[in-house]
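Peer 1: One predicted model, sequence on top.
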Amino acid sequence: MAEGEGQQTRDRGFDLRARLDERERRGLKRSLDTAESAAPRTRFDGDERLVFASNNYLGLATDDRVQAAATEAAREVGAGAGASRLVTGDTTAHRALERELADTKGTDRALVFSSGYAANVSTLTALSPDVVFSDELNHASIIDGCRMADADTLVYDHCDPADLRRRLDRRAREADDDESWLVVTDSVFSMDGDVAPLADLCDVAAEYGTWLMVDEAHATGLYEDGGGVVQREGLGDRVDVQMGTLSKALASQGGYVAASEPLVEHLVNAARSFVFSTGLAPPAAAAAREALGIARESDRRDRLWENVARLREGLAGMGYEVRGETQILPVVVGDAADAMALDDALRERGVLAPGIRPPTVPEGTSRVRVAPMATHTAEDIEHCLAAFRAAGEEVGLL
Ligand SMILES: Cc1ncc(COP(=O)(O)O)c(C=O)c1O
């Protein structure tokens, strides 16, 4: 009998219907809702919504100047980079943006990647630390970067420098002297809207001789001179790796690392998503540069913070528990079913603010995440507040 003959062929494929059904059963199946634009008020699959769910915090994704910068770069440089930056894809659009980012962040140099996710994964992998000390609420791209770096990952309690010190201390007693260590934290946490105690983390990191990496995804463009929390706190010279995205307040696409010359040069050579992936599209680079210029010089930031203050005050005044201290306002209702009912009731009133439940957030802390933009008008904010009042009464939360 020939080899394989007479044997029953096994199905070694993937039962994806069963996996999707399982997600559905656990209430975790997601679907796509298609928007006509990134403006604060737009249509999703035909229904108009006032959007309080976007990371386009400064409203610059639909700004004429940012759109014109992208158009001009497409015309002058090209719609795509055409190759890895190390081959022919390194363009004037990338270099101009990197100079502006380095200037904003007060570093020798900056390097852009095709997404913030790629920047985190590649930077962690290229540094290849033996041990990473990571805040328990760090973003998925940091968690994946730690896995891909094959580092021992020691998770410390959220925003707790004392717990970090305990873990560093314990490791210091057990470890070889030549181990390389990295502490990594988001600066603004995307689900809680709170801010890492960066000055204390710098002190603890310095005490143990470890490097500190800060993810400024939700802070870049919003603080001092268009920088992040690192700039607000004047810690630029104490943070070894300042990472961020171009995709949120900078209204474009891509990620960046701002750091010392040797670190950036190392990433150019060793960050796999930089080396083995096509350079960021030039229109995205030019749009982010224009947005950063506007963030640095205009009153956009003030307009965002005014909207944040009005919403926070209005929601708290109705009796909602509004956590955080930034532009991300988590309205915590506790129960998952209540959060999803509030999400639905807001949607019926034309307001889009997503309900977030476990496993994304801990049990008992389900919430609706409200994110205003600088371009929401005073009427938009009042509409949102009125919707929260009526929806909260309907669901029985107020
Ligand atoms: C804290 C944080 N880091 C990194 C990223 C990834 O950035 P990007 O969306 O540009 O890939 C995100 C995106 O949600 C984020 O919230």
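Peer 2: Thanks, I have the structure now.
Peer 1: Show me what counts as buried in stretch 150-158.
Peer 2: 151, 153-156, 158 (16 or more other C-beta atoms under 10 Å). (Glycine included, C-beta is placed from N, CA and C.)
Peer 1: can you list contacts of that stretch?
Peer 2: Residues from elsewhere that reach stretch 150-158, judged by C-beta atoms under 8 Å, 6 or more residues apart in numbering: 124, 128-137, 143, 146-147, 163-164, 167, 171, 182, 189, 192.
Peer 1: Repeat that for stretch 205-212.
Peer 2: Outside of stretch 205-212, the residues that reach it under the criterion C-beta under 8 Å, 6+ apart are 127, 129, 133, 165, 168-169, 172, 181-185, 201-202, 238-241.
Peer 1: would you list the buried residues of stretch 150-158 in JSON lines and tack on pLDDT and distance to the ligand?
Peer 2: Converted to JSON lines, the buried residues of stretch 150-158 look like this (pLDDT from 0 to 100; distance: C-beta to the nearest ligand atom, whole Å):
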{"residue": "151", "pLDDT": "96", "distance to the ligand": "18"}
{"residue": "153", "pLDDT": "98", "distance to the ligand": "16"}
{"residue": "154", "pLDDT": "98", "distance to the ligand": "19"}
{"residue": "155", "pLDDT": "98", "distance to the ligand": "16"}
{"residue": "156", "pLDDT": "98", "distance to the ligand": "17"}
{"residue": "158", "pLDDT": "98", "distance to the ligand": "14"}
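Peer 1: For residue 257, state which of these is nearest.
Peer 2: Closest approach to residue 257 among the buried residues of stretch 150-158 (C-beta to C-beta): residue 151, at 17.5 Å.
Peer 1: any idea how far that closest one is from residue 220?
Peer 2: Summarising the geometry, the distance separating residue 151 from residue 220, computed by C-beta to C-beta, to the nearest Å, is 25 Å.
Peer 1: Give me every residue in the protein lying close to the ligand.
Peer 2: By C-beta under 6 Å from any ligand atom, the residues of the chain that approach the ligand are 115-117, 120, 139, 141, 186, 190, 215, 217-218, 245, 247, 255.
Peer 1: Neighbour count says what about those residues? Which are buried?
Peer 2: Listed as buried from the residues of the chain next to the ligand are 115-117, 120, 139, 141, 186, 190, 215, 217-218, 245, 247, 255; burial here means 16+ other C-beta under 10 Å.
Peer 1: Now for these: which two are most distant?
Peer 2: Distance extremes for these: the farthest pair is 115 and 186 at 16.0 Å, using C-beta to C-beta.
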